[in-house]
Each structure stands twice: as C-alpha cells, then as structure tokens.
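**Student:** Predicted model, plus sequence, below.
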Amino acid sequence: MKKKILALLLCAAMSVSLLTACGSDGGSSDGESGQTYTMKMHLSIGETDPVYKSAEVFAQTVNEKSNGAITVELYPSSSLGNTADCLEGLSLGICNIVYESIGNLASLSPLANIEAAPYLYSGVDHWRAVWEGEVGQDIMNQMGEDCGMVILGAGLQGVRVVCSNKKIESPADAAGFKLRVPTIPIYLDTWEWLGATPTPLGGSEVFTAIQQGTVNGAENGLTNVASLSWDECCDYIIETNHVYNTDSFIMDKAYFESLPAEYQTIIQEAAVEAGKYCTDLVLQATEEVRPEVEAAGCEFIQTDVSAWQEALDGFLEEKYPDLVPYADAIKAADPAANAA
C-alpha cells in the first residue's frame with residue numbers, strides 16, 4: 001500500500017510539473033488567463049466503442065471553444081489504470097477527467113447506487129427526461145458534493161441485458177445462476193435478491209471466467225457485450241433491460257474550480273453536448289450490433305419485464321431505503337406517465 005501511495009504521489013508531482021510548464025508558455029488562447037491546459041481523460045472502454053467517439057467530440061469541442069487553450073488527451077482501455085484508481089487519482093492530478101458510469105462513485109457517495117437501481121425507467125425517453133433534466137442534475141450535484149467532485153453531462157452507456165449459457169425466461173430461472181456483476185454493491189444485492197449467485201469481477205476477466213465455467217454469464221449493455229466478445233462464449237441474450245447505465249464526465253472539484261470561469265463554462269457545455277451525442281450513438285450502435293450478435297450464435301430471449309419488476313418489489317425499500325425518494329422522483333419524471 002505504501003508503494004502504491006508513493007507511486008501516486010510521484011505521478012502527481014510529475015503531473016503538477018507538466019501542468020505548470022503548460023501554463024507558463026502563454027498559450028494561444030484569447031481567454032482571460034492566457035494559460036493553456038492539458039487534461040488526461042480515463043476511459044475503460046476501447047476506441048471502437050460509441051462512448052469513446054463521444055469523448056472525442058467532447059475533446060474537440062473543448063479545444064475549439066477555448067481557442068486551443070485546452071487539450072484533452074484520451075486514454076482508452078484503462079491505459080491509465082482501473083477506474084477506481086483513476087477516480088482516486090483525480091485529486092492528485094494523475095488524471096483530470098474520468099468518463100465513466102456514475103455508479104463507480106458508490107464507494108464515495110451511497111447516492112451513486114441510484115444509477116444501477118433496477119427498473120426505474122419506462123424507456124429511453126424517460127431516461128432522457130431524467131438525466132437531461134432537473135432531476136438528474138440535482139442527483140449529480142448531490143453526488144458531487146458528497147465526493148468533492150464535479151459531475152458533468154449525462155450519456156446513456158447502454159441498457160443492460162444478460163448474456164448467458166443458460167436459457168433464462170423468468171426470475172425463477174435465475175435461481176442459483178452464477179452471474180458476473182460489476183464490483184458495485186447494488187448489482188450484487190440485486191441479483192442475490194433474485195436468488196442468483198452473483199460474482200463481482202472486472203470486465204477484462206469475464207470472457208475467461210465464462211469459458212472456464214467460473215460464471216455462467218454476465219450482464220451489460222449489448223454494445224459492451226459485443227465489444228468485449230462475450231457473445232462468442234455465450235448462447236443466449238436475455239432481454240431483461242434491468243438497468244439504464246449513465247456515463248458522465250467526472251472531475252476533481254478543486255481542480256475544476258481553479259480553472260478560469262469561461263473554461264468551466266466551456267467544459268460544462270461540452271459535457272452536456274457530448275452526453276447527448278453519446279446517447280444517440282449508443283442507441284444506433286445497439287440496433288446495428290444486434291444482427292452481429294445473432295450471427296455469432298446468440299439467441300435473443302424476450303422476457304416479461306413486469307415479472308422481474310414484481311420479483312424486485314420491496315428491494316430498494318429494504319436494501320437501500322435512502323434511495324427511495326430519488327427513485328420516486330425519477331419515476332415521477334416519466335413523460336409518458338405525465339401525459340396519461
């Protein structure tokens with residue numbers, strides 16, 4: 001642990017040195033400070049993922065609107081380290097932006113578990129109404145306060161399904177099923193509630209774990225299933241649609257607030273724009289990848305979502321009571337329900 005902390009501090013010192021060098025060259029900005037900034041962004045996904053393409057839009061927009069004063073360097077495929085380490089490293093300057101699912105903040109803010117609470121949305125329009133509106137902004141602001149971070153923009157990473165070597169058609173079929181879940185508490189609790197045997201694993205470990213029978217399947221968005229080749233070691237895609245993953249741009253609050261006000265505004269607006277673009281790309285990519293997954297030999301299994309919702313009745317109230325008011329606010333923001 002001491003070695004890890006020492007390494008983090010050394011990297012932080014190097015980052016500060018680099019930022020000082022960048023800031024002292026005068027830059028080519030028409031901004032109020034004349035300083036230039038180079039920001040490193042962590043992404044766990046690869047360059048072919050639609051989320052990465054939206055990160056490129058963010059970087060380009062920030063660079064153009066700052067007249068070249070801000071350069072955002074993208075580091076995909078966890079090349080700066082895993083997400084937990086990069087979130088920790090934000091305050092040390094090891095990286096400056098983490099573009100990830102906000103559920104990764106659960107160890108710092110219990111409210112972040114709301115991102116993976118099951119069956120909160122009636123569809124994509126409902127998700128957009130929440131995370132592109134006041135309810136989602138209020139949640140991100142509160143999480144930011146809890147974590148000492150700024151959480152900007154919201155993009156749909158995907159709607160989670162189950163890839164499996166067992167045909168699952170109802171919650172009863174999940175009993176005893178060895179399922180890989182992310183290392184986020186609410187995923188583990190959700191599938192334990194349903195009677196499965198969840199196993200927390202990093203994404204890079206899943207393919208081998210399924211091949212070796214350590215787990216019998218995993219759950220994720222369809223584009224992620226395909227990009228990680230999980231469809232090549234599974235026979236079924238179970239369309240549970242249980243979680244709508246939300247990605248945001250996460251920055252250390254002190255670092256963000258140290259930037260000139262005009263640059264803060266540029267970053268905020270670019271994050272919102274890139275988040276909306278991410279949602280559009282993910283929806284399009286999900287439709288395009290479906291026939292590819294079928295061609296890989298996976299059979300899509302439609303399931304009665306209402307049965308899964310019924311099986312999870314009382315879950316939040318018992319396991320995460322503090323999330324209930326936020327879940328209620330999310331459900332109340334459904335435009336379909338309000339139009340009825």
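**Tutor:** Thanks, I have the structure now. Numbering: from 1, shown residues only.

**Student:** rest of the way, CA atoms for contacts and neighbours
**Tutor:** OK.

**Student:** Please report the distance of the closest residue to residue 255 other than its chain neighbours from residue 270.
**Tutor:** If the residues on either side of it in the chain are set aside, residue 255 comes closest to residue 91, at 7.6 Å by Cα to Cα, 6 or more residues apart in numbering. With the distance defined as Cα to Cα, to the nearest Å, residue 91 ends up 22 Å from residue 270.

**Student:** ok, the two, which is more surrounded?
**Tutor:** Using other Cα atoms under 10 Å, the more surrounded residue of residue 91 and residue 270 is residue 270, with 23 against 18.

**Student:** Distance check, the more buried one against residue 116.
**Tutor:** Shown here: residue 270 relative to residue 116, a distance of 25 Å by Cα to Cα.

**Student:** list the buried ones in the helix or strand that contains residue 57?
**Tutor:** In this structure, residue 57 is located in helix 50-65 according to DSSP states H and E. Of all the residues in helix 50-65, those buried under the rule 16 or more other Cα atoms under 10 Å are 50-63, 65.

**Student:** Same check on stretch 209-222?
**Tutor:** If you call a residue buried by 16+ other Cα under 10 Å, then stretch 209-222 has these buried ones: 209, 210, 215, 216, 217, 218, 219, 220, 221, 222.

**Student:** CA atoms only: put it into CSV for me.
**Tutor:** Coordinates of the C-alpha atoms in stretch 209-222 are reproduced here as CSV (Å, rounded to 0.1, in the frame of the first residue of the first chain):
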residue,chain,number,x,y,z
ALA,A,209,-14.4,-16.8,-16.4
ILE,A,210,-17.3,-17.8,-18.7
GLN,A,211,-15.1,-20.1,-20.8
GLN,A,212,-13.9,-21.9,-17.6
GLY,A,213,-17.3,-22.1,-16.0
THR,A,214,-16.4,-19.8,-13.1
VAL,A,215,-19.6,-17.9,-14.0
ASN,A,216,-22.3,-18.9,-16.4
GLY,A,217,-23.0,-15.5,-17.8
ALA,A,218,-22.7,-11.7,-17.3
GLU,A,219,-24.9,-8.6,-17.7
ASN,A,220,-24.1,-5.4,-19.5
GLY,A,221,-25.2,-3.2,-22.4
LEU,A,222,-25.4,-5.1,-25.8
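
**Student:** all helices in the chain, in order from the N-terminus.
**Tutor:** Counting by DSSP state H, the chain forms helices over residues 2-23, 50-65, 83-89, 124-131, 134-147, 185-193, 206-211, 222-227, 253-258, 261-295, 305-311, 315-319, 324-332, 335-339, given from the N-terminal end onward.

**Student:** With distance to residue 156 added, can I get those in JSON lines?
**Tutor:** Putting the helices of the chain into JSON lines (distance: least, Cα to Cα, whole Å) gives the following:
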{"stretch": "helix 2-23", "distance to residue 156": "31"}
{"stretch": "helix 50-65", "distance to residue 156": "9"}
{"stretch": "helix 83-89", "distance to residue 156": "18"}
{"stretch": "helix 124-131", "distance to residue 156": "8"}
{"stretch": "helix 134-147", "distance to residue 156": "12"}
{"stretch": "helix 185-193", "distance to residue 156": "18"}
{"stretch": "helix 206-211", "distance to residue 156": "22"}
{"stretch": "helix 222-227", "distance to residue 156": "12"}
{"stretch": "helix 253-258", "distance to residue 156": "23"}
{"stretch": "helix 261-295", "distance to residue 156": "5"}
{"stretch": "helix 305-311", "distance to residue 156": "20"}
{"stretch": "helix 315-319", "distance to residue 156": "22"}
{"stretch": "helix 324-332", "distance to residue 156": "15"}
{"stretch": "helix 335-339", "distance to residue 156": "18"}
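
**Student:** Nearest to residue 103 among the ones you listed would be which one?
**Tutor:** Between residue 103 and the helices of the chain, the tightest spacing by Cα to Cα is seen for helix 185-193, at 9.1 Å.

**Student:** And the average pLDDT for that closest one is what?
**Tutor:** The predicted model assigns helix 185-193 a mean pLDDT of 96.

**Student:** Now do it: which elements does it pack against?
**Tutor:** Contact analysis of helix 185-193 by 3 or more Cα pairs under 8 Å, 6 or more residues apart in numbering; DSSP states H and E lists strand 197-200, helix 315-319 as its packing neighbours.
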